[in-house]
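Enquirer: kindly return the folded structure for what I paste below:
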Amino acid sequence: MKIFKQIILSAVFVLISAVSLSAQVEYTKADSLIFEKYKDAFAGKQDLPLSALITETALFFRGTPYVSNTLEKTKNDERLTVNLRELDCTTLVENCIALSQTIKSGNASFENYCSHLQQLRYRDGIVDGYSSRLHYSSDWMMENEKRNLFENISQNLGGAKIIKTIDYMTTHTSAYRQLKNNPEEVKKIKKNEKQLNKRGGWYVINKQNIADIGKEIKNGDIILFSTTIKGLDFSHMGIAYSDNGRVTFIHASSTAKKVTIEKHSLSQYCLNSGRCNGIALLRVK
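Expert: All right, here's what the predicted structure looks like:
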């Protein structure tokens, strides 16, 4: 009887959590259909390592249109936005991780997927206005590392610490709809930037050294591309992928206008970029 009561209470808790979460989610019927298609395609794969699931999920989205700022288009207050029809570099990575976690958990429900996505995207997994979203990639990286989702292997692979003042959002408020003529929201973002700057920097593998560590990079590793842009930490992200022995990555490409396997090697891609000065590597646990 005690066990039965615990099962009932657990079911009620899950139901309440799902209802609470659903009230904050913004998505279309097309998104739910893509989710169902994905779930069918990955049925029976929950025993695969999470890194393998992430890689296969990224390949599942090949050809999906690249669209920037997909999370900024909601006219409502900040909500968990699900958009599987259009992806940018960050939402591709987030969705690949969240969907893979959903399959791995054995509970392939839309609500469970949304819960994983929310945990990834928001500080402490709580949607509480625009400033609660983890806008800066270094903040996103460190917060999810605290959750034990990632192991940052950049330092072990010869990365050097970068200490840089992060303030791009509050010095470019006109570039963000939610910050225009909104001093209160700017104040909250500035507080987040201050906390981020207190963390003492992060490790980056110099782009000249990427070719030397190719054998250490595994499929499913998360790659963050460090930038020389003033006030900004990282400007791009993708998922490591070995393409016939060539170390490259899968990403939502603004150049190709779709999710694609990068035609250049990871090393060459960085060397070709004037603003990329290296990468951070995160290994999913």
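
Enquirer: which stretches of this protein have low pLDDT?
Expert: The chain contains residues with pLDDT under 70 at 1-23, 75-76.

Enquirer: if we go to 80?
Expert: 1-23, 73-76 (pLDDT under 80).

Enquirer: that one: strands as residue ranges?
Expert: 25-26, 80-81, 150-152, 160-162, 202-206, 222-227, 234-243, 246-253, 258-261, 276-284 (DSSP state E).

Enquirer: nearest to Gln118, of those strands?
Expert: strand 80-81 (5.1 Å; C-beta to C-beta). Yep, even glycine has a C-beta here, placed from its N, CA and C like the rest.

Enquirer: quick one: the closest one to chain centroid distance?
Expert: The chain centre lies 13 Å from the centre of strand 80-81; the measure is C-alpha atoms, centre = their mean, to the nearest Å.

Enquirer: cool, and stretch 123-134?
Expert: 14 Å.

Enquirer: that older thread, include distance to Phe60 and mean neighbour count when you put the strands of the chain into JSON lines, please.
Expert: Shown next, in JSON lines, are the strands of the chain (distance: least, C-beta to C-beta, whole Å; neighbours: other C-beta atoms under 10 Å):
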{"stretch": "strand 25-26", "distance to Phe60": "21", "mean neighbour count": "16"}
{"stretch": "strand 80-81", "distance to Phe60": "20", "mean neighbour count": "20"}
{"stretch": "strand 150-152", "distance to Phe60": "22", "mean neighbour count": "18"}
{"stretch": "strand 160-162", "distance to Phe60": "33", "mean neighbour count": "13"}
{"stretch": "strand 202-206", "distance to Phe60": "28", "mean neighbour count": "22"}
{"stretch": "strand 222-227", "distance to Phe60": "17", "mean neighbour count": "26"}
{"stretch": "strand 234-243", "distance to Phe60": "12", "mean neighbour count": "22"}
{"stretch": "strand 246-253", "distance to Phe60": "10", "mean neighbour count": "24"}
{"stretch": "strand 258-261", "distance to Phe60": "9", "mean neighbour count": "20"}
{"stretch": "strand 276-284", "distance to Phe60": "17", "mean neighbour count": "23"}
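
Enquirer: can you check which of those strands gets nearest to Gly106?
Expert: strand 276-284 (17.7 Å).

Enquirer: need the contact partners of the closest one.
Expert: For strand 276-284, contacts defined as C-beta atoms under 8 Å, 6 or more residues apart in numbering pick out 50-51, 54, 97, 141, 145, 149-154, 157, 159, 202-207, 209-210, 217-218, 220-228, 234-236, 240, 266, 269-270.

Enquirer: and the gap between Gly200 and Thr171?
Expert: Between Gly200 and Thr171 the computed distance is 21 Å (C-beta to C-beta, to the nearest Å).

Enquirer: walk me through the domains of this structure.
Expert: For the chain, automatic domain parsing gives the domain ranges 2-132, 150-284.
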